[in-house]
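**Q** Based on what follows, work out the 3D shape:
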Amino acid sequence: MSADNSRDQQEIFSAEQAAEGKTALQSALTDKKTSALKKYQQVVIGRPGLMKLLFLELITLFITPMPGALGLLLRSKIYPLIFGSIGKKVVFGRSMTIRHPHKIHIGDHTVIDDYAVLDAKGENNRGIRIGSNVMIGRSTVVSCKNGDITIGDNTNIAMNCFIQSAGNVHIGDFVLFGAYCYVIGGGDHQFDRIDIPIISQGQIVRGIRIDKNCWLGGGVLVQDGAEIERDSIVGSGAVVRGHIPAYSIAAGVPARILKSRKEKGAE
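**A** Okay, the predicted model is just below:
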């Protein structure tokens with residue numbers, strides 16, 4: 001695994017936040033010293049400037065929900081003004097939710113369907129990078145919790161999938177997601193103590209890596225700390241908790257290796 005996607009465990013709660021029994025986001029949004037406007041601005045754009053917020057609000061109100069060919073055209077012209085970078089001929093569906101757009105980068109010829117969510121929120125993360133020729137299905141959520149998400153070229157993510165990162169989630173090139181897949185890179189709550197709430201005990205984040213040319217069937221759940229090596233297939237409904245070697249066929253809860261694609265008859 002690369003240094004950028006280190007499995008080193010990371011504490012993402014401060015001692016003060018844990019003592020309050022709050023997550024980092026809860027602490028920020030329930031701070032009594034911060035105005036409601038600043039809290040909203042922190043969630044939506046993540047940087048100062050009321051004009052930036054107003055511009056995004058106007059786009060959200062008038063351009064984002066616009067149906068038909070006119071909506072597609074206007075979004076293709078206006079969205080490059082708010083995103084970090086957008087390649088050639090990117091198609092944006094209607095009624096998307098967009099947060100921290102300056103930390104979202106998209107390659108050429110990518111298609112993002114209606115009602116998708118691109119949320120790059122975080123205080124010091126790099127955000128979301130989506131490659132070229134990527135398909136992101138209707139109502140799919142790609143969401144950062146101060147983490148980073150990378151989606152490689154030619155990857156196809158079906159409808160109603162959920163990809164979350166509090167550390168580093170890497171999805172390689174030519175990966176195929178069935179509908180309702182969940183990639184939960186938000187970390188695991190610690191629960192050793194019984195004298196305080198679980199939410200007050202901190203959280204460990206390890207990251208997730210799905211290498212190139214993998215296929216995840218419908219309803220697969222990939223948990224934090226998992227690694228699926230290249231050219232592997234994970235059967236529908238499986239729960240991946242650890243390491244899947246390259247060229248494997250895996251299924252079950254938890255997912256177990258059934259055979260190798262390199263075995264005779266599996267090629």
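**Q** so what's the closest residue to Ser139 other than its chain neighbours up against?
**A** Distances taken as CB to CB, 6 or more residues apart in numbering put Tyr115 closest to Ser139, at 4.5 Å, once the chain neighbours are dropped. All C-beta atoms are positioned from the backbone trio N, CA, C, and that covers glycine. Applying CB atoms under 8 Å, 6 or more residues apart in numbering, we find Tyr115 in contact with 93-97, 138-139.
**Q** Output those residues in CSV, with secondary structure appended to each entry.
**A** Output for these, formatted as CSV (DSSP: H, G, I helix; E, B strand; the rest coil):
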residue, secondary structure
Gly93, coil
Arg94, coil
Ser95, coil
Met96, coil
Thr97, strand
Arg138, coil
Ser139, coil
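**Q** between the residues you listed, which is nearest Gln223?
**A** Ser139 (21.8 Å; CB to CB).
**Q** correct me, but that closest one touches Ile157?
**A** No: with contact defined as CB atoms under 8 Å, Ser139 does not reach Ile157; the gap is 11.1 Å.
**Q** When these two are compared, which one has more neighbours?
**A** Ile157 (27 against 17; other CB atoms under 10 Å).
**Q** Roughly how far does the more buried one sit from Phe174?
**A** Using CB to CB, to the nearest Å, Ile157 is found at 12 Å from Phe174.
**Q** and stretch 68-77, which residues are buried?
**A** Neighbour-count burial for stretch 68-77, counted by 16 or more other CB atoms under 10 Å, picks out 71, 74-75.
**Q** Sorry, wrong one. I was asking about stretch 218-237.
**A** 219-235, 237.
**Q** any residues touching stretch 183-193, and which ones?
**A** Outside stretch 183-193, the residues that touch it by CB under 8 Å, 6+ apart are 12, 145, 147, 149, 161-169, 171, 198-199, 201-208, 210, 221-225.
**Q** Now the buried members of these.
**A** Counted by 16+ other CB under 10 Å, the contacts of stretch 183-193 give 12, 145, 147, 149, 161-169, 171, 199, 201-208, 210, 221-225 as buried.
**Q** Would you format the contacts of Tyr115 as JSON lines with distance to Ile59 and pLDDT included?
**A** Shown next, in JSON lines, are the contacts of Tyr115 (distance: CB to CB, whole Å; pLDDT from 0 to 100):
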{"residue": "Gly93", "distance to Ile59": "14", "pLDDT": "98"}
{"residue": "Arg94", "distance to Ile59": "12", "pLDDT": "98"}
{"residue": "Ser95", "distance to Ile59": "12", "pLDDT": "98"}
{"residue": "Met96", "distance to Ile59": "10", "pLDDT": "98"}
{"residue": "Thr97", "distance to Ile59": "12", "pLDDT": "98"}
{"residue": "Arg138", "distance to Ile59": "20", "pLDDT": "98"}
{"residue": "Ser139", "distance to Ile59": "20", "pLDDT": "98"}
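**Q** Since that was my last question, I'll sign off now.
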